[in-house]
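Student: the amino acid sequence is not available; the structure is as follows:
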């Protein structure tokens, strides 16, 4: 048996899986508030005692980089290390992976109910698969076919330099350069990017700002869902918020096309994370796919690439698959 986890700054999801079982159906699963525990070791021990399970290996997906078997979590003070965890839990091996790498590991285990199709395309058997996940930041990963299975690879592609494709995006770039200097794709295509785009458009057309939206934004907290919800309000959508999300979708599509070309993702492009699920109606208008395919001489190639949105939360499934595939 294997212990798998999705470790986040706010919550941690732990589960026990049995080899050969459906990885979407763990034997035992529980969610924890991360900040209530001093270490991952103490949380995992408590979980295993509650589960009454004896596991031989463990794999954890973490929201942050993993270097040399040690993880640095973006929004949590834990610094888990593979050997220390293995000794504390009494298992033969622990593996730590980035959460976007876990998303990629999960892709082969997803079923039709776990995805929404934006473009069927014509996938190439064994072709690479790209994964792009706009959340708080912008994560990227990809899978390659290794003869008898897909293997996931981590990436920091969200931090590459933003490349504008039209006058509006050029002006957005200049606006953000004044704020940040270097402007990565993450500054535009993520939870932090949505308010950045909104602020730019408000500076250009302040008269379009909705008074109620302004009040909610001024209340503090995460601005991105306020903007996206106002854009999708069926009764009275905000004009400025709608334009913000349309610009967000077009830049996200351009980034997805870049990633697809960089890894030659003839097996497909998968969008993951909470934002694509929340704005799925906007992604289904066709603007995302159109922006993704707008690559000049490479447009025909991109037209054949399937594009899907992952509608489930696959990180823990990916951690389980990675553990079973890589820990012997």
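Tutor: Looks like it came in fine. Worth saying up front: this structure is predicted, and the values here are computed from it rather than measured.
Student: who's residue 154 bridged to?
Tutor: Note on residue 154: beta-bridge partners by DSSP bridges are residue 141.
Student: how about it, what does it touch?
Tutor: For residue 154, the contact set (CB atoms under 8 Å, 6 or more residues apart in numbering) comprises 66, 97-98, 100-101, 141. All C-beta spots, glycine's among them, are computed from the backbone N, C-alpha and C.
Student: return the subset of those lying in helices.
Tutor: If you go by DSSP state H, the contacts of residue 154 have 100-101 in helices.
Student: element containing the residue most central in space within the chain, please.
Tutor: Geometric centre of the chain, nearest residue: residue 133, 2.8 Å, by CA atoms, centre = their mean. Secondary structure from DSSP states H and E places residue 133 in strand 129-134.
Student: quick check: neighbours of that strand in the sheet, parallel or antiparallel?
Tutor: strand 138-145 (antiparallel), strand 268-271 (parallel).
Student: what are the buried residues along it?
Tutor: By neighbour count with 16 or more other CB atoms under 10 Å, strand 129-134 contains the buried residues 129-134.
Student: swap in stretch 264-282?
Tutor: Result for stretch 264-282 [16+ other CB under 10 Å]: buried residues 265-273, 275-277, 279, 282.
Student: pretty sure the residue nearest to the centre of the chain contacts residue 269?
Tutor: No - counting by CB atoms under 8 Å, residue 133 does not reach residue 269; the two are 11.5 Å apart.
Student: ok so, going back, if we look at the strand holding residue 133, which residues are touching it?
Tutor: 100, 103-104, 107, 138-143, 150, 189-191, 193, 252, 255-256, 259-260, 262-263, 265, 267-273, 275-276.
Student: need the contact list for residue 28.
Tutor: Per CB under 8 Å, 6+ apart, neighbours of residue 28: 15-16, 50-51, 53.
Student: can I have the buried ones of the residues you listed as a PyMOL selection?
Tutor: Applying 16+ other CB under 10 Å to the contacts of residue 28, the buried members can be selected in PyMOL as follows:
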select buried, resi 15+16+51+53
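Student: can you count the residues close to residue 77?
Tutor: 10 (other CB atoms under 10 Å).
Student: same question for the one 4 residues further on.
Tutor: A count of neighbours around residue 81, defined by other CB under 10 Å, yields 18.
Student: just residue 125 next, same as before
Tutor: Counted with other CB under 10 Å, the neighbours of residue 125 add up to 7.
Student: what's the closest non-adjacent residue to residue 188?
Tutor: Counting by CB to CB, 6 or more residues apart in numbering, residue 188 lies nearest to residue 251, which is 5.0 Å off, once chain neighbours are set aside.
Student: so where does that neighbour fall, helix or strand?
Tutor: Element membership of residue 251 [criterion: DSSP H and E] is helix 239-262.
Student: which positions in that helix come out as buried?
Tutor: Buried-residue list, helix 239-262, by 16+ other CB under 10 Å: 239-261.
Student: show me where pLDDT drops low in the stretch 1-150 of the chain?
Tutor: Where the stretch 1-150 of the chain drops to pLDDT under 70, the residues are 74-75.
Student: do a quick rundown of the strands in it.
Tutor: 2-7, 11-17, 28-33, 57-62, 66-67, 70-71, 93-98, 115-119, 129-134, 138-145, 150-155 (DSSP state E, counting those that start in this stretch).
Student: could those strands go into a markdown table alongside distance to residue 183?
Tutor: Below are the strands of the stretch 1-150 of the chain laid out as a markdown table (distance: least, CB to CB, whole Å):
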| stretch | distance to residue 183 |
| --- | --- |
| strand 2-7 | 29 |
| strand 11-17 | 31 |
| strand 28-33 | 35 |
| strand 57-62 | 27 |
| strand 66-67 | 25 |
| strand 70-71 | 27 |
| strand 93-98 | 23 |
| strand 115-119 | 26 |
| strand 129-134 | 16 |
| strand 138-145 | 12 |
| strand 150-155 | 19 |
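Student: kindly compare burial across those and name the winner.
Tutor: Among those, strand 129-134 has the highest mean neighbour count (mean count of other CB atoms under 10 Å), at a mean of 29.
Student: between strand 150-155 and that one, find me the angle.
Tutor: Taking axes from the mean of the first three to the mean of the last three CA atoms, to 10 degrees, one finds strand 129-134 and strand 150-155 inclined to each other by 40 degrees.
Student: start at 190 instead
Tutor: From this message on, residue numbering opens at 190, which makes the last subject strand 318-323.
Student: now the angle from strand 318-323 to helix 428-451?
Tutor: 150 degrees.
Student: starting at the chain centroid, how far to strand 318-323?
Tutor: 7 Å (CA atoms, centre = their mean, to the nearest Å).
Student: how long is stretch 311-324 end to end?
Tutor: Start to finish, the residues bounding stretch 311-324 are 28 Å apart (CA to CA, to the nearest Å).
Student: ok so, going back, so which of the strands of the stretch 190-339 of the chain is nearest residue 364?
Tutor: Proximity to residue 364, assessed across those by CB to CB, is greatest for strand 327-334 (18.3 Å).
Student: so for stretch 361-371, what gets flagged as buried?
Tutor: For stretch 361-371, burial by neighbour count (16+ other CB under 10 Å) applies to 361-362, 364-365.
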